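Peer 1: can't give you the sequence, but here's the structure:
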């Protein structure tokens with residue numbers, strides 16, 4: 001007889017998936033853990049295990065077993081099937097949501113039903129021309145209620161850019177909710193029990209860098225730096241005397257960029273740590289006043305200064321340095337808006 005000592009919730013986060021513990025009456029048990037998504041199956045664990053003196057078998061660090069699958073699949077189903085020596089079979093099933101953050105005071109089911117897949121908590125600031133995306137589990141219909149400076153409001157149906165059985169991604173960029181002769185000042189996105197408010201501020205159409213990154217849930221978000229942006233280039237030269245002349249036979253350029261997030265709200269500052277701990281970050285550019293989705297260039301962040309204080313006069317502001325991931329730093333973007341090295345430099349420099 002197989003008896004599981006703990007049950008699984010309807011949804012579980014990959015990083016906090018509980019240990020599997022059960023008792024058997026026989027001499028051994030064959031344990032198979034498999035992951036399934038959209039008809040695709042992947043075996044995660046398949047072993048014959050033997051119980052301790054009390055007939056108990058425990059599989060620990062399930063998060064490590066599921067880590068690789070979670071990186072590939074955002075949302076998937078997991079089945080734990082136990083077959084005892086007398087061919088008695090019992091199983092556990094749940095849906096797993098990829099997550100590298102410890103979510104406290106809420107189960108995965110509660111969080112996913114009331115939150116988009118982001119660690120941002122508060123009102124987001126955006127600007128015309130910026131790209132904004134939201135991802136959530138399931139396929140609830142998404143709706144936008146936009147508010148304008150003259151007091152009018154208008155509802156929009158939000159289309160899915162990615163639509164899977166397990167999750168949906170929607171484009172909630174402010175340009176999607178513009179209304180002729182009305183100035184957009186705020187809009188609210190809802191999908192099921194989830195809600196996210198955006199304030200629209202003018203004057204930030206040209207910012208740099210614009211970072212596209214994978215957050216703790218394994219979905220992409222964008223972060224915008226409104227502070228100073230610098231580029232510092234250094235050159236490594238290899239020289240030799242060839243014949244009678246000394247020559248540079250190899251010159252390698254290294255471009256280091258220094259970025260400033262600008263002054264942040266405390267919710268934005270707390271969320272910005274997501275960018276700095278992301279393993280995959282790309283920088284994007286603005287073309288004709290709109291972020292160019294095809295301009296993403298991989299980068300690596302080398303150093304950062306991330307400080308926050310509880311003092312009332314404190315205003316969070318982070319700085320960091322990054323460089324192109326490509327070893328060739330001689331990169332020229334022909335679709336730039338007439339600027340020197342990014343979209344924040346005035347046209348008069350040319």
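Peer 2: The structure has been received and is ready for your questions. Keep in mind the model is a prediction, meaning the values are calculated, not measured.

Peer 1: doesn't residue 175 lie inside a strand?
Peer 2: No. Using DSSP: H, G, I helix; E, B strand; the rest coil, the assignment for residue 175 is helix, not a strand.

Peer 1: quick check, it in contact with residue 127.
Peer 2: No. Between residue 175 and residue 127 there is no contact under C-beta atoms under 8 Å: 10.0 Å. In short, each C-beta sits where N, CA and C put it, glycine included.

Peer 1: neighbour-wise, which of these two wins?
Peer 2: Using other C-beta atoms under 10 Å, the more surrounded residue of residue 175 and residue 127 is residue 127, with 19 against 16.

Peer 1: ok, that one touching residue 210?
Peer 2: No. Contact criterion C-beta under 8 Å: residue 127 and residue 210 do not qualify, at 11.1 Å.

Peer 1: and stretch 36-43, how far out from the chain middle?
Peer 2: 23 Å (C-alpha atoms, centre = their mean, to the nearest Å).

Peer 1: so how far does it reach from one end to the other?
Peer 2: The stretch stretch 36-43 measures 9 Å between its terminal residues, going by C-alpha to C-alpha, to the nearest Å.

Peer 1: and if you look at stretch 279-289?
Peer 2: 28 Å.

Peer 1: likewise for stretch 196-213?
Peer 2: End-to-end for stretch 196-213, by C-alpha to C-alpha: 19 Å.

Peer 1: average model confidence for it?
Peer 2: For stretch 196-213, mean pLDDT is 89.

Peer 1: same check on stretch 226-243?
Peer 2: Mean pLDDT, stretch 226-243: 91.

Peer 1: and for stretch 266-281?
Peer 2: Stretch 266-281 comes out at a mean pLDDT of 93.

Peer 1: what are the buried residues along it?
Peer 2: 267, 268, 269, 270, 271, 272, 274, 275, 278, 281 (16 or more other C-beta atoms under 10 Å).

Peer 1: now tabulate those in JSON lines and tack on distance to residue 5 and secondary structure.
Peer 2: Shown next, in JSON lines, are the buried residues of stretch 266-281 (distance: C-beta to C-beta, whole Å; DSSP: H, G, I helix; E, B strand; the rest coil):
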{"residue": "267", "distance to residue 5": "39", "secondary structure": "helix"}
{"residue": "268", "distance to residue 5": "43", "secondary structure": "helix"}
{"residue": "269", "distance to residue 5": "42", "secondary structure": "helix"}
{"residue": "270", "distance to residue 5": "37", "secondary structure": "helix"}
{"residue": "271", "distance to residue 5": "37", "secondary structure": "helix"}
{"residue": "272", "distance to residue 5": "41", "secondary structure": "helix"}
{"residue": "274", "distance to residue 5": "35", "secondary structure": "helix"}
{"residue": "275", "distance to residue 5": "40", "secondary structure": "helix"}
{"residue": "278", "distance to residue 5": "37", "secondary structure": "coil"}
{"residue": "281", "distance to residue 5": "42", "secondary structure": "strand"}
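
Peer 1: among the residues you listed, which one sits closest to residue 41?
Peer 2: Taking C-beta to C-beta as the measure, residue 41 lies nearest residue 278 of the buried residues of stretch 266-281, at 29.3 Å.

Peer 1: what does stretch 136-148 contact?
Peer 2: Contact with stretch 136-148 is made by 11, 75, 97, 112, 115-117, 134, 153-158, 160, 163-168, 170, 172, 176-177, 179, 182-192, 194, as judged by C-beta atoms under 8 Å, 6 or more residues apart in numbering.

Peer 1: among the residues you listed, name the buried ones.
Peer 2: By 16+ other C-beta under 10 Å, those give 11, 75, 97, 112, 115-117, 134, 156, 158, 164, 166-168, 170, 172, 176-177, 182, 184-191, 194 as buried.

Peer 1: picking up where we left off before, redo the buried residues of stretch 266-281 as CSV? Include distance to residue 214.
Peer 2: Output for those, formatted as CSV (distance: C-beta to C-beta, whole Å):
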residue, distance to residue 214
267, 20
268, 18
269, 20
270, 18
271, 14
272, 15
274, 9
275, 10
278, 5
281, 8
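
Peer 1: as a whole number, average confidence for stretch 82-94?
Peer 2: 93.

Peer 1: buried residues of that stretch, list them for me.
Peer 2: 82, 83, 84, 90, 92, 94.

Peer 1: farthest pair in the residues you listed?
Peer 2: Between all members of the buried residues of stretch 82-94, the farthest pair (by C-beta to C-beta) comes out as 84 and 94, at 21.5 Å.

Peer 1: domain ranges for this structure, per the record?
Peer 2: The chain breaks down by automatic domain parsing into domains covering 3-111, 126-349.

Peer 1: go through those and find the least confident stretch.
Peer 2: Minimum mean pLDDT among the domains of the chain: domain 126-349, a mean of 88.

Peer 1: spatially central residue in this protein, please.
Peer 2: For the chain, the residue nearest the mean C-alpha position is residue 215 (2.2 Å; C-alpha atoms, centre = their mean).
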